[in-house]
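Undergrad: Provide a 3D model corresponding to the input given below.
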Amino acid sequence: MRGLVLSGGHGTRLRPITYSYQKQLIPVANKPILFYAIEDIIEAGIHEIGIVVGPNKEQVMDTVLSREWDATIEFIEQDAPRGIAHAVKISQGFLKDEPFVVYLGDNILREGITRHVDDFLSSGVDASILLSHVNNPQQFGVAQLDEQGKVMRLIEKPEHPPSDLALVGIYLFRHVIFDAVHSITPSWRNELEITDAIQWLIDHGYSVKASIVDGWWKDTGKSEDILEANTLVLDDIHTDIRGTVEDAIIRGRVVVGEGTVLRDGSVVKGPAIIGRECTISNAYIGPYTSIGDGCEIVGTEVEGSVVMEGARILDVERVVDSLIGRDALVERGNSLPKGHSFKIGDNSVVRI
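TA: Model prediction:
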């Protein structure tokens with residue numbers, strides 16, 4: 001069996017960060033979102049993985065290849081965002097005749113996919129789609145099932161949903177899916193939709209099974225989703241202090257990386273994670289906060305936030321529920337006339 005991870009797209013809902021950074025590389029609990037997908041696939045016993053890349057392809061490739069994996073990884077370029085089914089279509093040479101899993105690279109699934117892969121391989125069905133119960137099915141693609149749990153119909157963001165079962169963004173297919181992706185036509189978005197390909201399977205008598213997710217699942221398409229996923233992942237961490245604690249207090253489950261110094265009366269209250277080579281001085285790091293490598297936090301309270309590598313936050317009192325990009329500087333100004341001075345890119349949000 002093979003794995004196909006999608007790491008393309010422009011990430012427009014996460015701008016301005018995604019102007020310069022691929023959305024699947026944004027960290028959750030100091031790990032790129034994309035890595036959660038790769039780890040899930042390997043954990044399921046799959047060791048041949050294709051990654052579909054688009055914008056910032058070199059960035060994705062460099063990040064993935066920066067660590068060793070128990071898998072052979074091949075990169076497949078998609079020239080533009082043309083839909084999930086198009087990504088499957090252009091990956092046919094890599095996937096060959098083997099069954100495979102498609103995993104959207106901006107998803108995080110707490111339970112992993114091992115159970116779903118095992119069920120699919122033993123069931124003999126032609127396709128299996130992961131579904132999750134949601135409170136707002138009107139905002140998702142939704143599946144309608146028959147009494148045996150087979151998928152009858154897929155509906156995109158229905159006004160009157162037939163169920164509360166949303167498509168998670170993880171799909172398992174056999175080779176017949178290529179007949180489907182070669183048969184369907186582009187949607188109004190000029191994309192080959194995976195829902196159309198799955199519906200083609202259903203309409204042509206192929207068996208499509210529902211596989212219901214236990215535990216939480218997050219699609220990290222927006223900044224608030226990143227923060228919520230960060231909260232959910234940090235709930236499972238265990239204390240691991242590898243840095244230096246000088247005149248500082250640590251409470252609860254906290255991870256501190258090598259070379260990091262906590263000093264000058266700083267307080268860290270978990271669950272929280274601080275990366276390597278950071279300086280935390282006269283600061284409060286509150287629950288559900290992730291601080292990336294090489295950050296400097298001085299004279300500031302930070303809580304419920306994701307601070308990416310190299311960022312500096314200096315004497316700005318309190319930062320909450322924020323997503324701070326790489327090498328960003330947030331500081332208090334002391335010059336006259338007093339006021340707020342900004343350098344703000346397109347699609348930014350500032351709350352004062």
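Undergrad: in the sheet, who's paired with Phe100?
TA: Note on Phe100: beta-bridge partners Arg2, Phe173, judged by DSSP bridges.
Undergrad: Tell me who's in contact with it.
TA: Counting by CB atoms under 8 Å, 6 or more residues apart in numbering, Phe100 makes contact with Met1, Arg2, Gly3, Leu4, Leu172, Phe173. From N, CA and C alone the C-beta is placed, and that goes for glycine too.
Undergrad: ok, the fifth one - contacts?
TA: Think Leu172. Applying CB under 8 Å, 6+ apart, the residues near Leu172 are Pro99, Phe100, Val101, Val102, His116, Val117, Phe120, Ala127, Ser128, Ile129, Ser211.
Undergrad: In stretch 302-311, which residues are buried?
TA: Val302, Glu303, Gly304, Ser305, Val306, Val307, Met308, Glu309, Gly310, Ala311 (16 or more other CB atoms under 10 Å).
Undergrad: quick one: low-confidence ranges for the stretch 1-150 of the chain?
TA: 8-22 (pLDDT under 70).
Undergrad: for it, what spans make up the helices?
TA: In the stretch 1-150 of the chain, the segments counted as helices under DSSP state H, counting those that start in this stretch are 33-43, 57-65, 84-90, 92-95, 114-123.
Undergrad: Between these, which one is closest to Ala248.
TA: Ala248 sits nearest to helix 33-43 of all the helices of the stretch 1-150 of the chain, at 29.4 Å, using CB to CB.
Undergrad: Domain-wise, how is the chain divided?
TA: Domains of the chain are assigned by automatic domain parsing as 2-221, 237-331.
Undergrad: Dump the ones you listed to TSV, plus distance to Leu227.
TA: As requested, the domains of the chain are arranged in TSV below (distance: least, CB to CB, whole Å):
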stretch	distance to Leu227
domain 2-221	9
domain 237-331	6
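Undergrad: need the contacts of Leu172 in JSON lines with distance to Asp179, can you?
TA: As requested, the contacts of Leu172 are arranged in JSON lines below (distance: CB to CB, whole Å):
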{"residue": "Pro99", "distance to Asp179": "15"}
{"residue": "Phe100", "distance to Asp179": "15"}
{"residue": "Val101", "distance to Asp179": "19"}
{"residue": "Val102", "distance to Asp179": "16"}
{"residue": "His116", "distance to Asp179": "23"}
{"residue": "Val117", "distance to Asp179": "22"}
{"residue": "Phe120", "distance to Asp179": "18"}
{"residue": "Ala127", "distance to Asp179": "12"}
{"residue": "Ser128", "distance to Asp179": "17"}
{"residue": "Ile129", "distance to Asp179": "17"}
{"residue": "Ser211", "distance to Asp179": "22"}
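Undergrad: Please identify the one among these that lies nearest to Asp203.
TA: Relative to Asp203, the closest of the contacts of Leu172 is Ala127; by CB to CB it sits at 12.7 Å.
Undergrad: Surely that closest one and Asp179 touch.
TA: No. Contact status for Ala127 versus Asp179: not in contact, 11.7 Å apart, counting by CB atoms under 8 Å.
Undergrad: what's the distance between Ile274 and Ile33?
TA: According to CB to CB, to the nearest Å, Ile274 stands 19 Å off from Ile33.
Undergrad: Specify which residue of these two has the higher count of neighbours.
TA: More crowded of Ile274 and Ile33, by other CB atoms under 10 Å: Ile274, with 27 against 22.
Undergrad: Skipping its backbone neighbours, what lies nearest that one in space?
TA: Closest residue to Ile274 apart from its sequence neighbours, by CB to CB, 6 or more residues apart in numbering: Ile291 at 4.4 Å.
Undergrad: Kindly provide the distance from that neighbour to Arg153.
TA: Separation of Ile291 from Arg153 (CB to CB) stands at 46 Å.
Undergrad: And those two? Which one has more around it.
TA: Neighbour count, other CB under 10 Å: between Ile291 and Arg153, Ile291 has more, with 31 against 16.
Undergrad: who does the more buried one bridge with?
TA: Taking DSSP bridges as the rule, Ile291 bridges to Ile274, Val307.
Undergrad: Off-centre distance for stretch 129-145?
TA: Averaging C-alpha positions (CA atoms, centre = their mean, to the nearest Å) puts stretch 129-145 18 Å from its chain's average.
Undergrad: If you count neighbours, what's buried in it?
TA: Buried residues in stretch 129-145, defined by neighbour count with 16+ other CB under 10 Å: Ile129, Leu130, Leu131, Ser132, Val134, Pro137, Phe140, Gly141, Val142, Ala143, Leu145.
Undergrad: For the fifth one, which residues are in contact?
TA: Taking CB under 8 Å, 6+ apart as the definition of contact, the neighbours of Val134 are Phe140, Asp164, Leu165, Ala166.
Undergrad: for the last one, same thing?
TA: Leu145 is in contact with Val151, Met152, Ser163, Leu165, Ala210, counting by CB under 8 Å, 6+ apart.
Undergrad: which stretch among the domains of the chain comes nearest Ala229?
TA: Of all these, domain 2-221 sits nearest to Ala229, with 4.2 Å by CB to CB.
Undergrad: Hmm, Glu191 is touching His86, no?
TA: Yes. If you go by CB under 8 Å, Glu191 and His86 touch, sitting 6.6 Å apart.
Undergrad: Look at those two and report which has more neighbours.
TA: His86 (24 against 17).
Undergrad: what's the spacing between the more buried one and Pro186?
TA: His86 sits 8 Å away from Pro186, going by CB to CB.
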